[in-house]
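Asker: Fold the following for me, if possible:
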Amino acid sequence: MSITEYIRSDLALRLRSGKELPAQLTLESLAELYDVSFTPVRAAIAGLIDDGLLEKGPNRRLMVCKLAPEDRNVCAATAAPPEAPRDPFDVILEDLVELSLQGKSTYLREESMAEKYDITRSRVRYILHKLAGEGVLDHIPRRGWRLRPFRQSDLKEFVDVRQGLELKALELAMPRLDKESLQEILDKNVLPQPGQVEFDVDESLHSYLIETAGNAYIRDFFERQGRYFRMLFRWEDRDRAAAVAAVQQHREVLEALLGEDWAEAKVALSNHILTNHPVLMTLPTANGGRAAESNTAKAES
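Answerer: Numbers count the residues shown, from 1 in each chain. As a prediction, the model looks like this:
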């Protein structure tokens, strides 16, 4: 459902049920209520006028039409509100990840984004600030917002550091590991049934080890440097083969930890970090080349 359809359906439900409207019938009030630009509000109002629910009075102000009893929906008063469209943050993030994976450095314009996503410029600015905090964007003074392009060299450097730090985290966490917690994580890493297309990859193993290690510097690295890559990894989880491999490798690490086979757990974790992202590692680089097929530049799921 588009934002225009959502606004139209939500207001229509209220009008037909006789419920009090949540805002004044003006473009400004409705745009503020739904946190969007004027464009989808205008389109929704035009639809409601066509439906005979609103009309323009002599002074051009919007008015609620008086409905005949047979036109009122007595069930509307208790009907569930329409399902809201996806959060614009999620939609914009998904689009920017796709754009980043093309490997091009791109500047973003708030005005054009507000028009594209039917939201206000202030909402766009808030989202861009949030994405900058996640490492997806850089704010360049007097230039605007620059999208961080995907680089194979960045991925390799991140993974090289990540391998050492996460293995150290595992070593520090060993005396503090809780078998019930490990079993819960294992139970969430379920391999899909034959023919099952969509399934979730539980990634909590990594955060559990980092938190349990209790080292603030290790935790700080992953909080600050890992955000951008975690977004890429979630994108890659949509590839079924990569997702199945991630679940299987998680299970190997967890089963070794539950059996207190520390040497095997380290080998399994290292293998997972280095070999888990065949999709990202075969993406074209910015200059059209491809990453070298080595097993030293793979990353977390």
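
Asker: tell me the centre residue of the chain?
Answerer: With distances taken as C-alpha atoms, centre = their mean, D90 lies nearest the centre of the chain, 4.6 Å away.

Asker: Pass me the low-pLDDT residue ranges in this structure, would you?
Answerer: For the chain, applying pLDDT under 70 flags the ranges 1, 68-81, 285-301.

Asker: Let me know the outermost residue of it.
Answerer: Most distant residue from the mean C-alpha position of the chain: P58, 46.6 Å away (C-alpha atoms, centre = their mean).

Asker: ok, longest helix in the protein?
Answerer: Using DSSP state H to define each element, the chain has its longest helix at helix 152-173.

Asker: So what's the gap between the helix or strand that it is followed by and the chain middle?
Answerer: Sequence-wise, the next helix or strand downstream of helix 152-173 (DSSP states H and E) is helix 179-188. Relative to the centre of its chain, helix 179-188 is centred 25 Å away, using C-alpha atoms, centre = their mean, to the nearest Å.

Asker: What are the buried residues along helix 179-188?
Answerer: L182, I185, L186, K188 (16 or more other C-beta atoms under 10 Å). For every residue, glycine as well, the C-beta is placed using N, CA and C.

Asker: Identify, from those, the entry nearest to I7.
Answerer: K188 (37.8 Å; C-beta to C-beta).

Asker: Tell me the buried residues in the host helix or strand of A263?
Answerer: Using DSSP H and E, A263 falls within helix 262-275. By neighbour count on 16+ other C-beta under 10 Å, the buried set for helix 262-275 is A265, K266, A268, L269, S270, H272, I273, L274, T275.

Asker: Who are the contact partners of the nearest residue to the first one once chain neighbours are set aside?
Answerer: For A265, the nearest residue in space outside its immediate sequence neighbours is A256; the separation is 3.8 Å by C-beta to C-beta, 6 or more residues apart in numbering. Under the criterion of C-beta atoms under 8 Å, 6 or more residues apart in numbering, the contact list for A256 reads W262, E264, A265, A268.

Asker: can you rerun that using 6 Å?
Answerer: E264, A265, A268 (C-beta atoms under 6 Å, 6 or more residues apart in numbering).

Asker: coming back round to it: now do the helix holding A263: distance to the chain's middle.
Answerer: Remark: helix 262-275 is offset 28 Å from the chain centroid, using C-alpha atoms, centre = their mean.

Asker: Could you list every helix and strand that that helix packs against?
Answerer: helix 240-258 (3 or more C-beta pairs under 6 Å, 6 or more residues apart in numbering; DSSP states H and E).

Asker: Kindly calculate the angle that the helix holding A263 makes with helix 152-173.
Answerer: Angle of helix 262-275 versus helix 152-173, following axes from the mean of the first three to the mean of the last three C-alpha atoms, to 10 degrees, is 160 degrees.

Asker: Thanks again, I'm all set now.
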